[in-house]
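>>> The following block contains a protein sequence and its predicted model.
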Amino acid sequence: MHIAIIYATVEGQTRTIATHIEAYLADSGHSTQVIDATHPPDAFAIDAIDGVICLGPVHIGTFPAPLRRFVRTHMRELMARPGAFISVSLTAAGGDAEEMAELAEIATAFSEETGWWPVAVHHAAGALKYTEYDYFRRWMMRRIADKHHASTDTKHDHEFTDWGELDLFIDGFLRDLPAVAGKI
């Protein structure tokens with residue numbers, strides 16, 4: 001199968017996840033087209049694509065504007081193929097039911113805004129990139145981490161992405177893709 005991977009990143013963890021998915025699909029015998037929505041190609045052709053995986057980080061209750069713009073612009077093409085959406089956030093690392101419900105609402109708002117409705121949604125935990133933050137952001141993220149009982153060691157970055165869980169989600173999407181293709 002040929003899968004389009006469309007992403008936008010803010011701190012780099014979503015790019016890391018997109019790169020992992022690209023390698024995972026290649027190792028499974030699939031081909032990919034990777035699109036950074038921040039620097040989109042001039043043209044986007046859906047003809048050779050069997051499915052779409054879209055990824056974006058949650059920041060201040062929404063996803064990056066370049067991702068929203070790309071998906072909104074190409075909504076018709078994207079809706080022509082089965083799609084999966086991966087929402088990346090630190091909130092997903094906590095597993096709190098209320099916070100997970102809020103993440104689901106944010107993902108639904110993304111679909112309402114863009115008109116693109118994926119057949120599967122996964123909430124992947126992101127990373128704390130303390131070493132890359134400026135003083136204020138490092139202080140703010142440390143306070144948030146402390147409130148959620150996460151690492152407050154600002155001398156190191158901390159990755160929370162569950163790669164095995166992500167791979168299982170991708171496997172499930174690929175397994176179900178033929179059954180939903182043509183029914184959208």
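Noted; the coordinates are in hand. Numbers count the residues shown, from 1 in each chain.

>>> can you list the domains in this protein?
Domain assignment for the chain by automatic domain parsing gives 2-126+162-180, 130-160.

>>> these two touch, right, residue 13 and residue 132?
No: using Cβ atoms under 8 Å, residue 13 is not in contact with residue 132; the gap is 10.5 Å. (Each C-beta comes from the backbone N, C-alpha and C, glycine too.)

>>> Neighbour count: these two, which is higher?
Neighbour count, other Cβ atoms under 10 Å: between residue 13 and residue 132, residue 13 has more, with 24 against 12.

>>> ok, the more buried one to residue 166 distance?
12 Å (Cβ to Cβ, to the nearest Å).

>>> Then residue 121?
From residue 121 to residue 166 the distance is 13 Å (Cβ to Cβ).

>>> Between those two, which contacts overlap?
residue 86 (Cβ atoms under 8 Å, 6 or more residues apart in numbering).

>>> show me where this protein has helices.
For the chain, helices defined by DSSP state H occupy the ranges 13-27, 65-73, 75-79, 91-94, 97-114, 135-147, 163-180.

>>> out of those helices, which comes closest to residue 41?
Among the helices of the chain, the nearest to residue 41 by Cβ to Cβ is helix 65-73 (10.0 Å).

>>> what's the closest one packed up against?
Applying 3 or more Cβ pairs under 8 Å, 6 or more residues apart in numbering; DSSP states H and E, we find helix 65-73 packed against strand 2-7, strand 51-57, helix 97-114.

>>> What is the burial count for residue 146?
11.

>>> Can you give me the neighbour number for the closest residue in space to residue 34 that isn't next to it in sequence?
Using Cβ to Cβ, 6 or more residues apart in numbering and skipping the chain neighbours, the partner closest in space to residue 34 is residue 5 (4.7 Å). By the criterion of other Cβ under 10 Å, residue 5 has 22 neighbours.

>>> Contacts only, for residue 159.
So residue 159 contacts 13, 127 (Cβ under 8 Å, 6+ apart).

>>> Mind listing the residues bridging to it?
Beta-bridge partners recorded for residue 159 (DSSP bridges): residue 127.

>>> need the contact list for residue 93.
For residue 93, the contact set (Cβ under 8 Å, 6+ apart) comprises 125, 126, 150, 160.
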